[in-house]
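In: here are the coordinates; sequence isn't available:
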Ligand code: GLY
């Protein structure tokens, strides 16, 4: 067994020589293949920062957050600045053209808060929109690329809602670092180069996307010539951020910004319209809070339209029972892995069948979290044998997606923020607006697009998740905070990576709380993922790190393994101790955490 530091160095090294392409390429396989030594800057281990910490998936964003904390801002102030910065330095993952979920907790007051800034379907779409589009000869992949894929962005209103609710510094100050980076530029890293290659692949496979991605291809990819160290900037985006800082959210709701966004989306057939942008509101909501859900811990996480909170709560509750019954085996033992995978399967089966936007669908949240359901899920798990997808129930596959970013912040007053933002796929819809510099999401693809048929990803979801104007598509984003039985914050975590967000977030939480690992070691551990269908385990290349053979005993129990695994998400986390904070960002996306 490697020591944690050795493992982290090895992950970076494997990525450098290309082995990460099959097992460790968490965000996209090609990102890992193109990692270079100068970009592999592993986070220091088990740091104990006393005053504040930030874990974002880009080092510049983590530093911006710490600067805000040092200047007297609170965790929400810092999170706003980090979120805006990620929209610049990780433009293929998140930004003003996307949406997200935030969960926060204040240890002193004991109060929690959540925000739903998920994108909505625009006015003018209907349930069979994508089916009808196809019958009328619409483009191949319309739910993923081009104007039809674009949902009404939620992030700008989310930034301002978070600020009104809990911010203390002027918005212009919080958006300034992002604007400055957009204007003066920053260097592309290997993760960015991987995203450029991913877009090049789309343009090759679907030549019609060349026209709609023209701006993105030029602006963020330099026509495919971006290499590690290339200078990237976006003057128009800098101006948009400064305008928002000066004029507030009204500048997003009316005037040239929404007019430009609507115009560019509609140019390739989309329905994004100025009215839908003007009427969009992020919602303050109660987080999903589950007391004594995992070895006495309280889980504070995201309710629907995220599926992540419910799935994590179900899996952890089931897993606790299974671990206890098995005599608390180590997580990386055959038994520990088998039980975890078996606990994932029914949670993902329930996700596919019952979860959608509760404002539009009768999501049985209480029943899904009922102890009796957990007991029955636990009772059906065989400690010695893998169950097939058919045994668990008829179901639907879940999507892979890549354009997402998670950040964690904690300040000296022990106010914690977990915020996941997304534009869905890498570079979202590929449609960007030259006037505002904003790249638009392709979140429409998180809806059920064609009833009863696999979508572009080869996936199906339930009819409760069909698009309707104002409705939010089902998500896997899982910003999560854990409290111990004394109410103290123990851990903050979340991830990017489609349905793998759920399994990756919970495995990092398990590593910290059950495995007693520091945050970096918990993130570095190789991860597994099972989403019920396809009925196989995705795994990271554990054999390269720990020697061959770990899969054999699981195969003997009936498990099957994905022969071409793409890695299991990108996680940011902070472990909280009585004497300080231990943040870590995932080396799979070359993130580096910071603190002071
Ligand atoms: N677009 C990723 C998610 O919401 O799950």
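Out: That came through, no problem. Every value quoted in this text rests on a predicted model; they were computed, and no experiment measured them.
In: just the strands in the stretch 351-500 of the chain please.
Out: Taking DSSP state E, counting those that start in this stretch, the strands of the stretch 351-500 of the chain run over residues 403-411, 415-424, 432-433, 438-439, 480-483, 489-496.
In: quick one, the first one and strand 415-424 angle?
Out: Right, the one you point to is strand 403-411. 170 degrees (axes from the mean of the first three to the mean of the last three Cα atoms, to 10 degrees).
In: quick one: list the elements packing against strand 403-411.
Out: The helices and strands touching strand 403-411, judged by 3 or more Cβ pairs under 8 Å, 6 or more residues apart in numbering; DSSP states H and E, are strand 52-55, helix 59-70, helix 75-89, strand 415-424, strand 489-496, strand 570-577, strand 580-584. Quick note: C-beta positions are derived from backbone N, CA and C, even for glycine.
In: deepest of these, which one?
Out: Of all the helices and strands packed on strand 403-411, strand 52-55 has the most neighbours on average by mean count of other Cβ atoms under 10 Å, namely a mean of 33.
In: for the spatially most central residue of the chain, list each beta-bridge partner.
Out: In the chain, the centroid-proximal residue (Cα atoms, centre = their mean) is residue 496; its distance is 2.7 Å. Beta-bridge partners recorded for residue 496 (DSSP bridges): residue 570.
In: who in the stretch 101-250 of the chain is up against the ligand?
Out: Residues of the stretch 101-250 of the chain lying close to the ligand (Cβ under 6 Å from any ligand atom): none.
In: in the stretch 101-250 of the chain, where is pLDDT below threshold?
Out: Counting by pLDDT under 70, the stretch 101-250 of the chain contains no low-confidence segment.
In: make it 90
Out: Low-confidence segments of the stretch 101-250 of the chain (pLDDT under 90): 140.
In: got the phi and psi for the residue of the stretch 151-300 of the chain found nearest the ligand?
Out: Nearest residue of the stretch 151-300 of the chain to the ligand: residue 151, at 10.1 Å (Cβ to the nearest ligand atom). Main-chain torsions, residue 151, degrees, to the nearest 10: phi -100, psi 160.
In: so it sits right up against residue 125, yeah?
Out: No - the criterion here is Cβ atoms under 8 Å, and residue 151 misses it with residue 125 at 9.1 Å.
In: circling back to that earlier point, mind putting the strands of the stretch 351-500 of the chain into CSV with distance to the ligand and mean pLDDT?
Out: Putting these into CSV (distance: least, Cβ to the nearest ligand atom, whole Å; pLDDT from 0 to 100) gives the following:
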stretch, distance to the ligand, mean pLDDT
strand 403-411, 5, 96
strand 415-424, 4, 97
strand 432-433, 18, 98
strand 438-439, 14, 98
strand 480-483, 14, 98
strand 489-496, 8, 97
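In: export those strands to JSON lines and tack on distance to residue 452?
Out: Output for these, formatted as JSON lines (distance: least, Cβ to Cβ, whole Å):
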{"stretch": "strand 403-411", "distance to residue 452": "27"}
{"stretch": "strand 415-424", "distance to residue 452": "22"}
{"stretch": "strand 432-433", "distance to residue 452": "33"}
{"stretch": "strand 438-439", "distance to residue 452": "32"}
{"stretch": "strand 480-483", "distance to residue 452": "33"}
{"stretch": "strand 489-496", "distance to residue 452": "29"}
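In: pLDDT weak spots in the stretch 251-400 of the chain?
Out: The stretch 251-400 of the chain contains residues with pLDDT under 90 at 293-294, 332, 349, 351-353, 376, 388-400.
In: could you redo the last one with a cut-off of 70?
Out: For the stretch 251-400 of the chain, the stretches flagged by pLDDT under 70 are 393-400.
In: need the helices for it, in chain order.
Out: 256-267, 274-279, 308-325, 334-354, 365-369, 371-379, 389-392 (DSSP state H, counting those that start in this stretch).
In: export those as a markdown table, with columns for mean neighbour count and distance to residue 526.
Out: Shown next, in a markdown table, are the helices of the stretch 251-400 of the chain (neighbours: other Cβ atoms under 10 Å; distance: least, Cβ to Cβ, whole Å):
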| stretch | mean neighbour count | distance to residue 526 |
| --- | --- | --- |
| helix 256-267 | 20 | 40 |
| helix 274-279 | 17 | 42 |
| helix 308-325 | 23 | 18 |
| helix 334-354 | 23 | 10 |
| helix 365-369 | 15 | 29 |
| helix 371-379 | 15 | 25 |
| helix 389-392 | 16 | 23 |
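In: out of those, which gets nearest to the ligand?
Out: Nearest to the ligand, of these and by Cβ to the nearest ligand atom, is helix 308-325 at 7.6 Å.
In: residues contacting residue 169?
Out: Applying Cβ atoms under 8 Å, 6 or more residues apart in numbering, we find residue 169 in contact with 68, 71-73, 77.
In: apply 10 Å and report the result again.
Out: The contact partners of residue 169, by Cβ atoms under 10 Å, 6 or more residues apart in numbering, come to 68, 71-74, 76-78, 80-81, 163.
In: would CSV of the residues you listed with distance to residue 438 be doable?
Out: Listed next are the contacts of residue 169 as CSV, based on distance: Cβ to Cβ, whole Å:
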residue, distance to residue 438
68, 23
71, 27
72, 30
73, 25
74, 27
76, 23
77, 23
78, 23
80, 17
81, 18
163, 19
